[in-house]
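Student: model this:
(3 chains)
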Amino acid sequence: MAAATLARRLGRSGVLPLCCRPPAWDRARGPPPSPLQPPGLPLAPCRSFSNNKIQVELDESSGVAMMKFKSPPVNSLSLEFLTEFSISLEKLENDRACRGVIITSALPKIFSSGLDITEMCGKSVEHYSEFWRAVQELWLRLYGSNLVTVAAVNGSSPAGGCLVALSCDYRIMTDNPKFSIGLNEAQLGIVAPFWFKDTFVNVVGHRIAECSLQLGSLHPAPEAHRLGLVDELVSEEKLMEKAAAVMAQWLALPDHARQLTKTMMRKAVLDRLVAHREEDIKNFITFISKESIQKSLRMYMEMLKKKKS
Amino acid sequence: MAAATLARRLGRSGVLPLCCRPPAWDRARGPPPSPLQPPGLPLAPCRSFSNNKIQVELDESSGVAMMKFKSPPVNSLSLEFLTEFSISLEKLENDRACRGVIITSALPKIFSSGLDITEMCGKSVEHYSEFWRAVQELWLRLYGSNLVTVAAVNGSSPAGGCLVALSCDYRIMTDNPKFSIGLNEAQLGIVAPFWFKDTFVNVVGHRIAECSLQLGSLHPAPEAHRLGLVDELVSEEKLMEKAAAVMAQWLALPDHARQLTKTMMRKAVLDRLVAHREEDIKNFITFISKESIQKSLRMYMEMLKKKKS
Amino acid sequence: MAAATLARRLGRSGVLPLCCRPPAWDRARGPPPSPLQPPGLPLAPCRSFSNNKIQVELDESSGVAMMKFKSPPVNSLSLEFLTEFSISLEKLENDRACRGVIITSALPKIFSSGLDITEMCGKSVEHYSEFWRAVQELWLRLYGSNLVTVAAVNGSSPAGGCLVALSCDYRIMTDNPKFSIGLNEAQLGIVAPFWFKDTFVNVVGHRIAECSLQLGSLHPAPEAHRLGLVDELVSEEKLMEKAAAVMAQWLALPDHARQLTKTMMRKAVLDRLVAHREEDIKNFITFISKESIQKSLRMYMEMLKKKKS
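Tutor: This is a model prediction of the structure:
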């Protein structure tokens, strides 16, 4: 698709030789982008920080950060996880050495299981409000990020986990058909909020989103690729190499032009949540506080517990 | 596509065992959904009602109604047909035993030929107004229905017939290339109203809609499938079986979550007509009252008559 | 796709014989459409006009004009070119004998290289304003044209050249993979304006547009076809024949119905620029006057000069 080797194409056309390296005023930010160092070979200067849930390593020579979710058992998006995720993104955005981030999981088989149901069950209205604001905050930051964001989806990614992937600029997924991805909220008796839906529609179009959301579908990787939910499938061994190659391709563009273009594409959907943020929190609280919904979520958690034991 | 067997997928993922049966508060509406009884085997309790144009049978054990158009020769959407169609849908919506409806034709070779041209030719302004309001009413009810709506398109389906199919949740069509479907209004010298267009764009996207509407294309079944205008093609013998299977898949979701999701997807387009309903009726009357349009419709009807004899 | 032979389809369906010739009140405009005369056989009456940049020949018997860009070396959209382009379109719109226009290049290997960079480099604010208004004017006229517009893309078509193609009703491109097409503004460190983006999204959808615009992709013809950026690929020899056949198909529809449908599809996007026209000019001037942008454009022009020598 659009992610073929740009330089080759430009060379091939023969008619209009185009500058595919960032112009001078952009390179002033730091050294020109270079192929990513394979992990474990710290030849280049490298900054890293970590917290309870997420580990981040920034390769200063390439400008690319690797962000790994490491919150067993399934990288649930708890309040703490969301907060650390937002803070990590903010740090990278403010670091002039960072131009892009690859988001992946440090756990086997799971990218992220989505919003932590325990945060939505039997808690106070104040807690629901704080939690939902953190979900909004993370999305606003990720979907509107100035960085190039590549999701390396190395496991299943339902509901909120799918949203994280959908909010990136590009999605590469392990080609394992046992791994699935989708906004399956309807399966749990709950409803994806309008900005999950808007993000989904922007990726797969209205018809596929309508069908998939109503059925609460979890699409196995090959189907997700066919539907356009992920951009590429690769084998597990090639995932990081591919993510680095895609990142290098996106970093070949001048940052400011790419960022202005991204804003132009995503602003309408971002603005819609910003304009209705408090209303959206109220709606969430009203919905989640219903006894029928609470009962359903409790049943669901019971079922998860039994499966585990 | 999104209509693969959900349960199998969920089982296959291995990571997040998800409840694919409606939770308790939903099952309270009636018995859990079961595979549809093949027609002619009335083992389950069954309510049916019928009028001049449409026959409806509700299988209470599954919650699924079968609605059959039976208005020879071509199931034209006359004022009477539209009124009976709306009333039938309203009855089913209000029947707590009903959760979904399969819409098909009792006539061979034709699903519905669309709006009845005789209602638009040589009539009074009052008649045009009443007729157009009935067209709007039917669409608002069908596109916004709380029921799962599956179109089993067992024949050609031009213009308004295509709109009926487009307004359902899922479209299955007989794989006979002699059957075609499309919004071919432009071929008759008339123009599909904006809400026909909006419905079409929501299904096939802007580009295909633009091209198809300008050319007034009638797409043979295989092409319609390729364009996404219908979701699946099956042989004529398998059509009802497939429709029942798809219905069962959609009914596996909790009604309220599915309904809220559907509303979220369709509300913008529904609201647009509601906000401009009277204006839309006036536009229709002005357009259809033009002598040039009347002349064109008369010529078209003459041609149809000659073909018949 | 939607451009299959309509008459054949309608004949094939057997159910609803539909008038595929323009009705009487349309044919009153002139003789009924006939297959295009091959170029070089001036059997039919033929009007032509020409200016420095563009040559136009109108075949009165078919109602089809052939518009050829002839501004070496690469059909840059200079202020003069844009003005002549707009005037030529206006003439054809006002000529009752003209119903459609095929747009192509008289130069080998290039359709149009897009906006002339010399018009954006080292000029006065007044010049930038005049130039940008001319770009807007051309797009408003072409995207909103009442004529059937077919782009016969017989060479590469980056940036503004791609916009010209995107603004037509149908795009046929030579199947030469050396020819590429795309809105590659980001490669030059500049950003496509919102109405370029809107036009692109209407053709390829949000996701492909987002990815392609951010990467400033130039898609080789086969990829452009796969993405839906062009509707058909044909060999160079067959290009004009195919364009004539497609045109005949579109002219088989009554003009007024086709025009009203086209307006319905494109009005929202056209209105958006009309409503923000002065603001868009101001934005362009502010952006293009930045020293960093001027420097980047100068570097780019230097590079083009070196390549040539």
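Student: Who is residue A:232 paired with across the strands?
Tutor: For residue A:232, the beta-bridge partners under DSSP bridges are residue A:172.
Student: Assess the claim that it and residue A:239 are in contact.
Tutor: No - counting by CB atoms under 8 Å, residue A:232 sits too far from residue A:239 to count as a contact (9.8 Å). Where C-beta positions appear, they are placed from N, C-alpha and C, glycine not excepted.
Student: Mutual contacts of those two, please.
Tutor: Taking CB atoms under 8 Å, 6 or more residues apart in numbering or on different chains as the criterion, residue A:232 and residue A:239 both touch residue A:172.
Student: These two: which is more packed in?
Tutor: Neighbours per residue (other CB atoms under 10 Å in any protein chain shown) separate residue A:232 from residue A:239, with residue A:239 holding more: 21 against 16.
Student: Please, which helix or strand holds that one?
Tutor: Applying DSSP states H and E as the criterion places residue A:239 in helix A:239-251.
Student: quick one: the very next helix or strand once past that helix near chain B?
Tutor: Per DSSP H and E, the first helix or strand lying C-terminal to helix A:239-251 is helix A:255-275. No - applying CB under 8 Å from any CB of the partner chain, one finds helix A:255-275 separated from chain B by no less than 11.5 Å.
Student: circling back to that earlier point, same question for the helix holding residue A:239, mean pLDDT?
Tutor: Averaged over helix A:239-251, pLDDT sits at 98.
Student: Any buried residues in it, and which?
Tutor: Buried residues in helix A:239-251, counted by 16 or more other CB atoms under 10 Å in any protein chain shown: A:239-240, A:242-251.
Student: out of these, who's near chain C?
Tutor: A:249-250.
Student: Make a markdown table from the buried residues of helix A:239-251 and add distance to chain B to it.
Tutor: Output for the buried residues of helix A:239-251, formatted as a markdown table (distance: CB to the nearest CB, whole Å):
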| residue | distance to chain B |
| --- | --- |
| A:239 | 17 |
| A:240 | 21 |
| A:242 | 22 |
| A:243 | 21 |
| A:244 | 26 |
| A:245 | 28 |
| A:246 | 25 |
| A:247 | 27 |
| A:248 | 31 |
| A:249 | 26 |
| A:250 | 26 |
| A:251 | 31 |
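Student: What is the nearest of the buried residues of helix A:239-251 to residue B:255?
Tutor: Ranked by distance to residue B:255 (CB to CB), the buried residues of helix A:239-251 are led by residue A:239 at 39.3 Å.
Student: Touching, the closest one and residue A:172? I think so.
Tutor: Yes - the criterion here is CB under 8 Å, and residue A:239 meets it with residue A:172 at 6.4 Å.
Student: Between those two, which contacts overlap?
Tutor: Residues touching both residue A:239 and residue A:172 (CB under 8 Å, 6+ apart) are residue A:152.
Student: What values do phi and psi take at residue A:136?
Tutor: phi -60, psi -50 (degrees, to the nearest 10).
Student: so how many other residues sit close to it?
Tutor: By other CB under 10 Å, 19 other residues sit near residue A:136.
Student: does residue A:55 belong to a helix or a strand, and which?
Tutor: According to DSSP H and E, residue A:55 maps onto strand A:54-59.
Student: got a list of contacts for that strand?
Tutor: A:36-37, A:39, A:44, A:46-50, A:64-71, A:81, A:84-85, A:88, A:91-92, A:95, A:97-98, A:106.
Student: quick one, strands of the stretch 151-300 of chain A?
Tutor: Secondary structure of the stretch 151-300 of chain A (DSSP state E, counting those that start in this stretch): strands at A:155-158, A:170-174, A:180-182, A:219-220, A:232-234.
Student: Given the third one, what are its sheet partners and their directions?
Tutor: According to DSSP bridges, strand A:180-182 forms sheet pairs with strand A:155-158 (parallel), strand A:219-220 (antiparallel).
Student: how about JSON lines for those strands, with distance to residue C:279 added?
Tutor: Putting these into JSON lines (distance: least, CB to CB, whole Å) gives the following:
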{"stretch": "strand A:155-158", "distance to residue C:279": "41"}
{"stretch": "strand A:219-220", "distance to residue C:279": "42"}
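Student: quick one: residue A:107 and residue A:75 touch, right?
Tutor: Yes - applying CB under 8 Å, one finds residue A:107 in contact with residue A:75, separated by 6.1 Å.
Student: Could you please give me the overlap between the contact lists of the two?
Tutor: Common neighbours of residue A:107 and residue A:75, counting by CB under 8 Å, 6+ apart, are residue A:69.
Student: Looking at those two now, which is surrounded by more residues?
Tutor: Between residue A:107 and residue A:75, counting by other CB under 10 Å, residue A:75 is the more crowded of the two (27 against 19).
Student: Share the number of residues neighbouring the closest residue to residue A:177 other than its chain neighbours, please.
Tutor: Leaving aside its sequence neighbours, residue A:177 sits nearest to residue A:220 (CB to CB, 6 or more residues apart in numbering or on different chains; 4.5 Å). The number of residues packed near residue A:220 is 22, by other CB under 10 Å.
Student: Bridge partners for residue A:220, pull those for me.
Tutor: Beta-bridge partners recorded for residue A:220 (DSSP bridges): residue A:180.
Student: how near is the closest residue to chain C within the stretch 51-200 of chain A to residue C:299?
Tutor: At 6.9 Å from chain C, residue A:169 is the closest residue in the stretch 51-200 of chain A, using CB to the nearest CB. For residue A:169, the distance to residue C:299 equals 26 Å [CB to CB, to the nearest Å].
Student: which of the two has more neighbours?
Tutor: residue A:169 (25 against 15).
Student: Was I right to think the more buried one contacts residue A:262?
Tutor: Yes - with contact defined as CB under 8 Å, residue A:169 counts as touching residue A:262 (7.3 Å).
Student: Which neighbours do these two have in common?
Tutor: Overlap of the contact sets of residue A:169 and residue A:262 (by CB under 8 Å, 6+ apart) consists of residue C:214.
Student: Specify the local secondary structure of residue A:71.
Tutor: Three-state call for residue A:71 (DSSP: H, G, I helix; E, B strand; the rest coil): coil.
Student: Setting aside sequence neighbours, what's the nearest residue to it?
Tutor: Nearest residue to residue A:71, sequence neighbours excluded (CB to CB, 6+ apart): residue A:53, at 4.3 Å.
Student: And for that neighbour, the neighbour number?
Tutor: If you count neighbours by other CB under 10 Å, residue A:53 ends up with 21.
Student: what's near enough to touch it?
Tutor: By CB under 8 Å, 6+ apart, the contact list for residue A:53 reads A:69-71, A:75, A:78, A:80-81, A:84-85.
Student: Dump the residues you listed to CSV, plus pLDDT.
Tutor: Shown next, in CSV, are those (pLDDT from 0 to 100):
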residue, pLDDT
A:69, 98
A:70, 97
A:71, 97
A:75, 98
A:78, 98
A:80, 97
A:81, 98
A:84, 97
A:85, 98
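Student: Could you identify the buried members of the residues you listed?
Tutor: With burial judged by 16+ other CB under 10 Å, the buried subset of these is A:69, A:71, A:75, A:78, A:80-81, A:84-85.
Student: State the distance from residue A:214 to residue B:170.
Tutor: From residue A:214 to residue B:170 the distance is 9 Å (CB to CB).
Student: Overlap in contacts, those two.
Tutor: Listed as contacting both residue A:214 and residue B:170 by CB under 8 Å, 6+ apart are residue B:250.
Student: related to what we said a few turns ago, just the C-alpha atoms of the strand holding residue A:55, please, in PDB.
Tutor: The C-alpha trace of strand A:54-59 is given here as PDB (Å, rounded to 0.1, in the frame of the first residue of the first chain):
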ATOM      1  CA  ILE A  54       5.600   0.900  30.600                       C
ATOM      2  CA  GLN A  55       9.300   0.800  29.500                       C
ATOM      3  CA  VAL A  56      10.700   3.400  27.100                       C
ATOM      4  CA  GLU A  57      14.000   3.500  25.300                       C
ATOM      5  CA  LEU A  58      14.900   6.400  23.000                       C
ATOM      6  CA  ASP A  59      17.600   5.900  20.400                       C
END
